[in-house]
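A.B. asks: below are the sequence and a predicted model for it; my questions follow.
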Amino acid sequence: MSTPSKSSPVSCDTLRDVFLWRRKKLSLLVLLVSTATWVSIDVYQFNFITVSSWAAMFAVTSLFLYGNMLRLFRQKEQDLSCLEISEQTAIETARSIRQSIEQGVRWMCHVSAERELFVFARVVAALWLLSYVGSFCDSLSLLYIDMVVGMTVPVIYVKNEDKIKWFGEWTRMQARRLHDVVDEKVVKRLKNRVVKFTEKINLKKLE
């Protein structure tokens, strides 16, 4: 496999801005399109090709009306060169996709060849949980849920990072205290009882 190179910073920054709602209009557009697609296909049971055709017809009709309105009012047509995909952008996109596939293959090989049983068991458990969740909903609903969670959880974490960290530390301290209490009142008592029981058995055997 080839050596990985840095992915496009523009695309990474754009995705980060969308998921963190730094570009609110674009984030809202992505959420609205995702919601409309999910409602049309999953709720109203429309075909994906039908929904795609309707979206394409709406886009073409809107552009046609917009262009004719500009000509009607004799206004200067806007420059649409910004909508063109440059060769560099296409190459960087293809490179980032290839890097993602290579990283996925490396991850699978690393997990399958990992000697630690805990890592392997954790991956298998996560995949089993994903398959169990997938039995209750289709892939489109799962993707939509992932999209909504991905666009809400990161921004909530960023806005409340200090509170979340404090709550995490408090939860960790409470868990340690609970562990100490259980260890003191339950585990040690059980150990003492086991020791006494084994001592009694040994004494009976000696008698």
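C.D. replies: Nice, I can see it. Predicted model, so just to flag it, every value in this text is computed and none were measured. Numbers count the residues shown, from 1 in each chain.

A.B. asks: alpha carbons only for contacts and neighbour counts from here, please
C.D. replies: Noted.

A.B. asks: against residue 197, how distant is residue 204?
C.D. replies: From residue 204 across to residue 197, the span is 11 Å (CA to CA, to the nearest Å).

A.B. asks: so between the two, which is more surrounded?
C.D. replies: Taking other CA atoms under 10 Å, residue 204 and residue 197 do not tie; residue 197 has more neighbours (12 against 9).

A.B. asks: hey, which helix or strand in this structure has the poorest pLDDT?
C.D. replies: Lowest by mean pLDDT, DSSP states H and E among the helices and strands of the chain is helix 9-19, with a mean of 70.

A.B. asks: distance check, residue 40 against residue 73.
C.D. replies: Counting by CA to CA, the gap from residue 40 to residue 73 is 36 Å.

A.B. asks: more neighbours, the two?
C.D. replies: For residue 40 versus residue 73, the count of surrounding residues by other CA under 10 Å is larger for residue 40: 16 against 8.

A.B. asks: wouldn't that one be in contact with residue 49 here?
C.D. replies: No - between residue 40 and residue 49 there is no contact under CA atoms under 8 Å: 11.4 Å.

A.B. asks: quick one, phi psi at residue 42?
C.D. replies: Main-chain torsions, residue 42, degrees, to the nearest 10: phi -90, psi -40.

A.B. asks: hang on, the earlier thing: how far off centre is the helix or strand just after the least confident helix or strand of the chain?
C.D. replies: Remark: after helix 9-19, the chain's next helix or strand is helix 24-38, criterion DSSP states H and E. Relative to its parent chain, helix 24-38 has a centroid offset of 17 Å by CA atoms, centre = their mean, to the nearest Å.

A.B. asks: run through who's touching helix 24-38.
C.D. replies: For helix 24-38, the external contacting residues (CA atoms under 8 Å, 6 or more residues apart in numbering) are 18-19, 21, 51, 140-141, 144, 147-148.

A.B. asks: list only buried entries from those.
C.D. replies: Buried by 16 or more other CA atoms under 10 Å: 18-19, 21, 141, 144, 147, out of the contacts of helix 24-38.

A.B. asks: any idea which of those is closest to residue 172?
C.D. replies: residue 19 (28.7 Å; CA to CA).

A.B. asks: may I ask which helix or strand encompasses the closest residue to that closest one other than its chain neighbours?
C.D. replies: Of all residues not flanking residue 19 in the chain, residue 151 sits nearest, at 4.8 Å (CA to CA, 6 or more residues apart in numbering). Secondary structure from DSSP H and E places residue 151 in helix 139-159.

A.B. asks: tilt between the helix or strand just after that helix and helix 139-159?
C.D. replies: Sequence-wise, the next helix or strand downstream of helix 139-159 (DSSP H and E) is helix 161-182. With axes from the mean of the first three to the mean of the last three CA atoms, to 10 degrees defining the directions, helix 161-182 sits at 100 degrees from helix 139-159.

A.B. asks: which helices and strands sit right next to the following helix or strand past helix 161-182?
C.D. replies: Going down the chain from helix 161-182, the next helix or strand is helix 188-206, by DSSP H and E. If contacts are counted by 3 or more CA pairs under 8 Å, 6 or more residues apart in numbering; DSSP states H and E, helix 188-206 sits against no helix or strand.
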